[in-house]
Every structure is written in C-alpha cells, then in structure tokens.
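# Predicted coordinates and the sequence they were generated for:
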Amino acid sequence: MNGKVLPIGKLDSEVLKKIVFDKITYKRREVLTRPGIGEDCAVIDFDRYECVISTDPITAASADIGRLAIHISCNDIASNGVQPLGILLAVMLPPGTTEENIAHIMKDAARAAELAGVEIIGGHTEITPAVTTPVIVSTALGRAVKGSSASAKNMTPGDRIYMTKTAGIEGSGIIACDFAAELAGVLTKEEIEEAKGLLDFVSVVPEGLIGGEVGTSGMHDITEGGILGAVWEMCRVSGTGARIFPEAVPILPVTQKICGYYGIDCLRLISSGCMLMSVPAENTACMESRMKEAGIRFTCIGEITPEEEGIRTVCKDGRSEEIAPPSADELYKVVKR
C-alpha cells in the first residue's frame with residue numbers, strides 16, 4: 001500500500017484527526033471524555049467516580065527511560081487535577097539487552113513511581129528485533145469524584161495563562177544525558193550536570209494537584225511541541241484564542257546554550273516538568289500563593305482571548321505572529337541526526 005511518508009515525531013494535528021480520530025466510530029455512553037486534540041486523558045464514568053486514564057510512549061531517550069516513562073503518563077493524569085494511582089509499563093527492548101539493562105530501567109521506574117505516589121500494577125516486557133533502542137509505553141490511571149476532574153474546555157477569554165518551572169526541562173535533560181561528550185565543548189562540566197539534573201524535575205503531579213484544589217479552567221502538561229504547541233492544543237480544545245508573551249517565558253541559561261548550539265527553538269522543545277494552566281482572574285492570587293508555598297516557580301506568560309483574535313505571540317516591540325500547530329518536536333532534530 002503506497003501513501004504519503006510521514007515525518008518523525010507525533011502526528012500533525014490535522015493528520016491525527018483525519019486518519020486516527022475520525023476512524024473511531026463506536027462509542028459507549030460511559031466514556032465522558034474521548035480522544036481529541038489537546039486532550040491529555042480519557043475519562044470514564046464509574047458511578048460516583050471517574051476513572052482518568054492516559055497512555056504515552058518514551059521513544060527519544062535512552063539513559064533515563066525508566067523514570068521518564070513513569071512521569072510522562074502520571075503528568076497527564078495530574079493535568080486533570082487528579083492523583084495518579086496505578087501505572088502499567090509495556091517495555092520493548094532490542095536484541096543484545098542484558099538482565100542488568102532491564103534491572104536498571106526498572107530500578108529507575110520503581111524509584112520514580114514511589115516519588116509520584118503511584119503503584120506499578122502490571123505491563124509487559126520483551127526483547128524484540130522490532131526496536132533498535134528501548135521503547136516503553138506507560139498507561140496511568142487515576143480516580144476522581146464524578147464531575148471534579150479538570151478540562152481545558154472550560155477556558156474563557158480573560159483567563160490568565162501560567163506555566164510552572166522553566167521551558168525545555170525534559171529536552172535539555174535528555175540531550176545532556178545522551179550527548180554529554182558532544183556538549184563538552186559547549187558547556188562546562190557543571191552546566192552539563194545541571195542540565196542532566198533537570199530530569200529530576202519532570203513531574204508535574206504536585207502542581208497539578210494544587211491546580212485541582214484551587215481551581216483552573218484548564219491544564220495541559222507541556223510535552224512534544226513545547227510551550228507554543230501546548231498553548232495551541234489547549235485553545236483548540238476550548239475554542240478560544242490566546243496572546244502569549246515570549247519574553248515572559250522563563251528559560252534557564254543552560255537550556256538557552258543547548259538550544260543555541262543545536263539551532264533549536266526553546267519554545268518548541270519538549271518540556272515535561274512544566275504545567276500550562278489557564279487560571280480565572282479571581283483565582284490567580286490564591287494560585288500564586290499556593291505555588292509559592294510549594295516552592296514551584298509559577299509565571300504568567302499570557303492570557304486567553306476570543307477565538308477570532310487567533311492564537312498569537314506578542315513581543316515587547318509590538319511584533320505579533322500566529323502560533324502554528326505543533327509538528328515534530330525540536331528534540332528529534334538532535335536525536336535523529
């Protein structure tokens with residue numbers, strides 16, 4: 001069967017809708033939230049409760065794949081303001097993998113799961129020639145009182161857009177771990193260790209739970225496509241526009257150096273560890289206070305606007321550009337060279 005060859009990375013939003021979502025026709029009444037652009041989780045009705053479920057792969061990292069596999073799906077659950085309870089791991093490994101390799105992956109995964117407060121409840125592990133590097137697909141589950149889980153569908157013009165921590169956390173950490181030797185001519189030893197250490201901060205479960213308690217109009221963990229991709233996806237879910245101020249986005253100097261060396265865009269780099277939040281104006285003071293108490297950097301980077309105003313960046317000098325839909329993450333420009 002012939003057809004258009006697709007680029008590396010997650011599918012373009014329009015392609016995803018056309019060849020994946022539009023092919024799903026059977027629906028059950030118990031499913032409250034279905035697949036959609038910008039939707040992190042499915043939500044299923046279980047009488048007085050909702051089961052919140054999300055699945056994600058780790059394909060572009062090798063050194064820290066175990067802990068990243070835990071955090072990536074738990075972060076999705078937290079973006080609904082829900083504590084993740086259980087997680088399943090499907091682990092596919094290439095020929096030549098040793099027992100020590102698997103033990104290292106699972107040790108890292110177990111440690112990350114304990115920190116996130118989630119139990120590894122099952123999965124699958126195999127050696128297969130179908131992959132050339134380790135691949136883990138994780139599926140996390142959480143439970144919420146019916147009607148209490150958050151959704152970006154509630155965003156309205158006037159809401160403030162915040163992000164936690166700094167842009168490019170996960171991307172910087174992955175590149176530093178997998179390309180440390182190459183970066184030795186660009187970064188100091190201390191900077192390389194700093195960048196590697198960013199992978200210790202890829203969980204957004206704490207801020208997601210705070211967001212669920214205080215009240216947001218939507219949350220989205222910032223993964224492939226970076227800050228700008230996440231903003232676009234949230235606006236697509238809610239049918240709104242947005243005004244983003246790029247100069248307000250916090251970026252660590254080490255991330256700027258890494259992105260500068262590889263010629264990649266910090267605002268389009270995978271940023272697990274950052275949570276994007278749309279916060280109603282009346283909740284901003286409380287949210288800022290709670291984040292400060294928790295020691296979580298929390299920065300206002302824009303605001304929600306009417307849909308007809310578009311999804312745009314606005315610079316201090318007045319320049320304004322439309323934010324394009326997310327495409328292949330900037331990370332793939334480095335790892336797939």
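Great, that's in hand.

# quick one: secondary structure of Glu100?
With DSSP: H, G, I helix; E, B strand; the rest coil as the basis, the three-state label of Glu100 is helix.

# Near the residue lying closest to Glu119 once chain neighbours are set aside, how many other residues are there?
Residue nearest to Glu119 in three dimensions, not counting chain neighbours: Gly86, with 5.2 Å by C-beta to C-beta, 6 or more residues apart in numbering. For glycine as for every other residue, the C-beta is placed from the backbone atoms N, C-alpha and C. Neighbourhood size, Gly86 [other C-beta atoms under 10 Å]: 16.

# ok, now which ones touch Gly86?
Contacts here follow C-beta atoms under 8 Å, 6 or more residues apart in numbering; on that basis Gly86 touches Val118, Glu119, Ile120, Ile121, Ala140, Leu141.

# quick one: the fourth one and Leu88 touch, right?
Yes. Under the contact definition of C-beta atoms under 8 Å, Ile121 touches Leu88, with a separation of 6.1 Å.

# still on that earlier bit, nearest to Gly260 among the contacts of Gly86?
When these are ranked by distance to Gly260 (C-beta to C-beta), Ala140 comes first, at 34.5 Å.

# so that closest one sits in a strand?
Yes. With three-state DSSP as the criterion, Ala140 is located in a strand.

# beta partners of it?
Ser54, Ile87 (DSSP bridges).

# out of the contacts of Gly86, which are buried?
Neighbour-count burial (16 or more other C-beta atoms under 10 Å) applied to the contacts of Gly86 gives Val118, Ile120, Ala140, Leu141.

# So for the last one, what's the pLDDT?
Read it as Leu141. pLDDT, Leu141: 97.

# coming back round to it: any chance of the buried ones among the contacts of Gly86 in a markdown table, plus distance to Asp22?
Supplementary listing: the buried ones among the contacts of Gly86 in a markdown table, determined by distance: C-beta to C-beta, whole Å:
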| residue | distance to Asp22 |
| --- | --- |
| Val118 | 33 |
| Ile120 | 34 |
| Ala140 | 26 |
| Leu141 | 27 |
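
# between these, which is closest to Arg34?
Using C-beta to C-beta, Leu141 is the member of these that lies nearest Arg34, at 16.8 Å.

# Quickly note the distance from the closest residue to the closest one other than its chain neighbours to Thr139.
Excluding the flanking residues, the one nearest Leu141 by C-beta to C-beta, 6+ apart is Gly86, at 4.9 Å. Distance from Gly86 to Thr139, counting by C-beta to C-beta, to the nearest Å: 9 Å.

# Checking my notes, Met163 in a helix, right?
No. Counting by three-state DSSP, Met163 is located in no helix; its state is strand.

# give me every residue that touches it.
Ile222, Ile227, Val249, Pro250, Cys274, Met275, Leu276, Met277, Phe298, Thr299, Ile301.
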